[in-house]
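J.: Next input, structure requested:
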Amino acid sequence: VQLVESGGGSVEAGESLRLSCKADGFTYLRYCMGWFRQAPGQEREGVATIATAGGSTYYADSMKGRFTISRDNAKNTLYLQMNGLKPEDSAMYYCAADRYNLGLAWRGYSYWGQGTQVTVS
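T.: Now for the predicted structure:
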């Protein structure tokens with residue numbers, strides 16, 4: 001099983017980034033997917049999650065209206081479009097997969113990527 005994130009970087013406040021997560025080694029379309037983030041010294045927190053067919057999405061309150069999660073099951077890829085970035089969005093962003101879990105709590109997800117760093121100044 002492999003989850004590989006990409007698309008992170010350093011941007012200024014107000015700018016946008018699009019993160020991608022390429023999945024391999026499991027039946028991607030059968031798994032719920034999520035984005036999580038962790039800043040130094042803080043606990044990992046949920047950003048957004050999406051159901052298998054993409055019909056249901058969930059967002060943390062602070063991300064609603066700014067971030068959009070989506071998935072392409074034909075490409076085994078998960079996305080996170082982040083607009084209006086703020087300095088407090090700076091963190092390592094991780095994608096995660098689970099057969100049944102769709103919640104924003106990070107514990108309980110089966111598979112994790114290594115993360116991609118987002119820095120907003």
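J.: Show me the residue at the heart of the chain, geometrically.
T.: The C-alpha lying nearest the average C-alpha coordinate of the chain belongs to residue 35 (Cα atoms, centre = their mean; 2.1 Å).
J.: Quick check, that one in contact with residue 93.
T.: Yes - because the distance of 6.1 Å satisfies Cβ atoms under 8 Å, residue 35 is recorded as touching residue 93. C-beta: built from backbone N, CA, C; applies to glycine.
J.: can you list residues touching both of the two?
T.: Contact criterion Cβ atoms under 8 Å, 6 or more residues apart in numbering; residues shared by residue 35 and residue 93: 19, 47, 80.
J.: Let's see which of those residues end up in strands.
T.: Counted as lying in strands by DSSP state E, out of the shared contacts of residue 35 and residue 93, are 19, 47, 80.
J.: Mind putting those into TSV with distance to residue 1 and neighbour count?
T.: TSV is the format used below for those (distance: Cβ to Cβ, whole Å; neighbours: other Cβ atoms under 10 Å):
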residue	distance to residue 1	neighbour count
19	19	23
47	21	26
80	20	26
